[in-house]
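Output the structure for:
(one chain, ligands or ions: 1)
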Amino acid sequence: MYNETFLRRAIEISTQALDTPGTEPFGAVIVKDGKIVGEGINRSVMNHDPTSHGETEAIRDACRNLETVDLRGCDLYSSCEPCALCVAAMNIAGIAALYFAADMAQAGDAIADLPEAARFPVDVERLTHECGLAVADRIMPAEQHLDAEATKILHDWACHARSQA
Ligand SMILES: Nc1nc2[nH]cnc2c(=O)[nH]1
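Sure, this is the predicted structure:
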């Protein structure tokens, strides 16, 4: 259930970018049972990590704090609508619901004309397009090789995992 306090906290985190070099103004919090269990801000440039978005950082923080990879039952509050990378991470982690402030169009209007020196650009439209397609239909060229070798390892590992379960 939506709680404005948590969205305000996500927005407050985003303001840290105003005086923290290497961060961008995207803040997020993860909430479980009415308590914040993880927080994040975009640290892509600071961390030399293009996947360090506010939401992915909050997910990493919550998973570390709860010592789990399972965030089912947790909600994510973000100062900005998440991109496809973060939506994927949220779905993998099992996030139950999303609450956000600025939408993609509002964020795009605010930052679209910034030069590369000012921020690492994310092509949100291409990301959304690519992530929804089968590998053969994407813009990014992709080739498959050595599938039998790799698949054998998957089978061997699954066989071992089944015997331990
Ligand atoms: N929601 C969101 N949008 C972004 N666009 C670029 N970086 C980010 C981020 O960290 N969060």
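
CA atoms for contacts and neighbours, from now on please.
Fine.

which one is Asp103 nearest to, not counting chain neighbours?
Distances taken as Cα to Cα, 6 or more residues apart in numbering put Glu81 closest to Asp103, at 4.9 Å, once the chain neighbours are dropped.

list the contacts for the one you found?
Shown in contact with Glu81 (Cα atoms under 8 Å, 6 or more residues apart in numbering): 100-104.

Mind checking which of these are in helices?
Members of the contacts of Glu81 lying in helices (criterion: DSSP state H): Met104.

Next, Cys86: secondary structure please.
helix (DSSP: H, G, I helix; E, B strand; the rest coil).

what's the burial count for Ile139?
11 (other Cα atoms under 10 Å).

so the nearest residue to it once chain neighbours are set aside is in which element?
Nearest in space to Ile139, with sequence neighbours left out and distances taken as Cα to Cα, 6+ apart, is Glu130 at 6.9 Å. Per DSSP states H and E, Glu130 falls inside helix 124-131.

Per-residue pLDDT of Asn7, please?
Just to correct that, residue 7 is Leu rather than Asn. Here, the pLDDT recorded for Leu7 equals 98.

Return a PyMOL selection command for the buried portion of the contacts of Glu81.
Selection of buried members from those for PyMOL, criterion 16 or more other Cα atoms under 10 Å:
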select buried, resi 100+101
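
pLDDT score for Asp109?
For Asp109, the pLDDT comes out at 93.

quick check, distance from the helix ranked longest in the chain to the centre of its chain.
Looking across the chain with DSSP H, the single longest helix is helix 147-164. Remark: helix 147-164 is offset 29 Å from the chain centroid, using Cα atoms, centre = their mean, to the nearest Å.

Could you name the helices and strands sitting against that helix?
Secondary-structure packing of helix 147-164 (3 or more Cα pairs under 8 Å, 6 or more residues apart in numbering; DSSP states H and E): no helix or strand packs against it.
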